[in-house]
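Below are the sequence and a predicted model; questions follow.
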Amino acid sequence: MIARGLTKTFRTAVRRPGFGGALRSLVDPLRVEKTAVQDVSFSVGPGQLLALLGPNGAGKSTTIKMLTGILTPSSGEARVAGVVPYRERERNAHNIGAVFGQRTQLWWDLPARESFTILRDIYGVPETEHRARLREFDGLLELSEFWDTRVRHLSLGQRVRCDLAGALLHDPAIVFLDEPTIGMDVVVKEQVRGFLRHQVEQRGRTVLLTTHDMTEVGRLAERVVLINHGRIVLDGPLEEIRRRFGGTWQIHVTLTDPAAAPGADGAPLPPGVTVLRREGPRVVFGPDGGAELTVHEALKRIVERYRIADLALEENDLEDVMRAAYLRRESEDADTAPGSERDGTAPAARAR
Ligand SMILES: Nc1ncnc2c1ncn2[C@@H]1O[C@H](COP(=O)(O)OP(=O)(O)OP(=O)(O)O)[C@@H](O)[C@H]1O
């Protein structure tokens, strides 16, 4: 699957303020352009799972909608299993499976198993294959406990497990999952993750996943693409991003004087150190993703700079790594904005 320079601009009508404005908007709508995705390029091969990450409104769903053929890009191009998805929707539908965690694609008033039979007929899957795949999916997702219940009566976790089975029954090479485990309990989440790992590692499927759940990213993704304001800001192996933006440490300190919070006095932070979180006198420091600091060096710099009442070392978690990556990229973007001192310098390796 390849995306090259994918861009999507929406034109939406906005209401002018006030009653008069609303009336005017009825006859003469005010249109504004919003670029949801800008110049997004990446490729994913068979047997790979790529996590597409980013804050709310970053452009993840819009990217997926272009790759599944729901939306046509304003510019750029995509090829999914050799097909241009928005030109050949039907051919594309045979090659892909998609699950959008919030919505079901099964028939609401039918038991899930009947939906599976309808999907078998739509995609022309031979009966023996269909049965073998259902057995495999049932073994991994324990569907038979509830697949004779109407979809409308299923719990969220049961329904999404059925959705996953339905999306993969026709053996698609490429699978799109938009927040598939949202709202699931931890046990079901683990079951779904096991299922996805199996599909990638044993069946060689290509999976593009969006999620806000960093545990999920840590468990499933080898590679992540970070998107912010519609643009890719980072693309690389998870381990490398961990190393660059999280290191392996966090230093939790309680300051003796809360008024002396880092940055509050205008003084720069110790080199190589950034603030991950701050709450009153409690501050969590981490590496700033630049020159790699050992925890000993960082400790020394922090203790020299601040008066500290209490201190603890902790292993970093992925949420902090991603937060540091965003912060770092945003500050790099600000530094390289036209007219700034660092304008024109090469961005960090792999970051875009
Ligand atoms: N049909 C549309 N018309 C106008 N604007 C849209 C449309 N669809 C999405 N947008 C805008 O495009 C931007 C990107 O939206 P998108 O749904 O792709 O974000 P996202 O990264 O999936 O966010 P989330 O994590 O909240 O699901 C948002 O600002 C959104 O408001």
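Sure, I can see it.

Could you pull up the residues touching the residue nearest to the spatial centre of the chain?
Central residue of the chain (CA atoms, centre = their mean): residue 53, 2.6 Å from the mean position. By CB atoms under 8 Å, 6 or more residues apart in numbering, residue 53 lies in contact with 60, 210, 211, 212, 217, 224, 225, 226, 227, 322. In this view, the C-beta of every residue, glycine as well, is placed from N, C-alpha and C.

check which helix or strand covers the fifth one.
Using DSSP states H and E, residue 217 sits within helix 214-220.

shaky segments in the protein?
Residues of the chain meeting the criterion pLDDT under 70: 245-248, 261, 263-266, 289-292, 315-317, 327-352.

Break down the stretch 251-352 of the chain into its strands, ranges please.
Per DSSP state E, counting those that start in this stretch, the stretch 251-352 of the chain carries strands over the ranges 273-279, 282-287, 308-314.

So which of the ones you listed is nearest the ligand?
strand 273-279 (21.5 Å; CB to the nearest ligand atom).

Run through the neighbouring helices and strands of the closest one.
strand 282-287, helix 295-305, helix 318-335 (3 or more CB pairs under 8 Å, 6 or more residues apart in numbering; DSSP states H and E).

Kindly recompute the last result at 10 Å.
Under the contact criterion of 3 or more CB pairs under 10 Å, 6 or more residues apart in numbering; DSSP states H and E, strand 273-279 touches strand 250-255, strand 282-287, helix 295-305, helix 318-335.

what about the helices in the chain?
Along the chain, counting by DSSP state H, helices occupy 18-27, 60-67, 89-95, 112-123, 127-141, 156-168, 186-201, 214-220, 238-245, 295-305, 318-335.

possible to save the ones you listed as JSON lines with distance to the ligand and mean neighbour count?
Formatted as JSON lines, the helices of the chain follow (distance: least, CB to the nearest ligand atom, whole Å; neighbours: other CB atoms under 10 Å):
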{"stretch": "helix 18-27", "distance to the ligand": "16", "mean neighbour count": "10"}
{"stretch": "helix 60-67", "distance to the ligand": "3", "mean neighbour count": "24"}
{"stretch": "helix 89-95", "distance to the ligand": "18", "mean neighbour count": "16"}
{"stretch": "helix 112-123", "distance to the ligand": "26", "mean neighbour count": "17"}
{"stretch": "helix 127-141", "distance to the ligand": "25", "mean neighbour count": "15"}
{"stretch": "helix 156-168", "distance to the ligand": "16", "mean neighbour count": "23"}
{"stretch": "helix 186-201", "distance to the ligand": "18", "mean neighbour count": "17"}
{"stretch": "helix 214-220", "distance to the ligand": "14", "mean neighbour count": "18"}
{"stretch": "helix 238-245", "distance to the ligand": "18", "mean neighbour count": "19"}
{"stretch": "helix 295-305", "distance to the ligand": "32", "mean neighbour count": "15"}
{"stretch": "helix 318-335", "distance to the ligand": "13", "mean neighbour count": "18"}
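
per the record, what domains does this structure have?
43-241, 247-315 (automatic domain parsing).

From start to finish, how long is the longest one in a straight line?
This points to domain 43-241. End-to-end span of domain 43-241 (CA to CA, to the nearest Å): 18 Å.

mind checking the end-to-end distance for stretch 100-119?
By CA to CA, one end of stretch 100-119 lies 17 Å from the other end.

related to what we said a few turns ago, who does the residue nearest to the centre of the chain bridge with?
residue 226 (DSSP bridges).

ok, it to the ligand distance?
Plainly put, residue 53 is 9 Å away from the ligand if you go by CB to the nearest ligand atom, to the nearest Å.

Would you mind giving the helices and strands packed on strand 273-279 as a markdown table with distance to residue 236 added?
Converted to a markdown table, the helices and strands packed on strand 273-279 look like this (distance: least, CB to CB, whole Å):
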| stretch | distance to residue 236 |
| --- | --- |
| strand 250-255 | 21 |
| strand 282-287 | 17 |
| helix 295-305 | 23 |
| helix 318-335 | 10 |
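
nearest to residue 133, of these?
Comparing the helices and strands packed on strand 273-279 against residue 133 with CB to CB, the closest turns out to be helix 318-335 (32.9 Å).

picking that back up, kindly reformat the domains of the chain as CSV containing distance to residue 23.
Supplementary listing: the domains of the chain in CSV, determined by distance: least, CB to CB, whole Å:
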stretch, distance to residue 23
domain 43-241, 30
domain 247-315, 48
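
Please identify which of those domains is closest to residue 3.
domain 43-241 (4.9 Å).

now that closest one, how far from the centre of its chain.
13 Å (CA atoms, centre = their mean, to the nearest Å).

ok, residue 251 - how many residues close by?
Residue 251 has 22 neighbouring residues, counting by other CB atoms under 10 Å.

ok, it - contacts?
273, 276, 283-287, 295, 298-299, 301-303, 308, 311-314 (CB atoms under 10 Å, 6 or more residues apart in numbering).

6 Å - rerun?
Taking CB atoms under 6 Å, 6 or more residues apart in numbering, we find residue 251 in contact with 285, 302, 313.

What is the neighbour count of the closest residue to residue 286 other than its chain neighbours?
Excluding its sequence neighbours, the residue lying closest to residue 286 (CB to CB, 6 or more residues apart in numbering) is residue 276, at 4.5 Å. Look at residue 276: counted by other CB under 10 Å, it has 23 neighbours.

same check, this time on residue 268
Counted with other CB under 10 Å, residue 268 comes out at 9.

how near is residue 253 to the ligand?
32 Å.

Just confirm that residue contacts residue 284, I think it does.
No - look at residue 253 against residue 284 with CB atoms under 6 Å: they stay out of range, at 7.9 Å.
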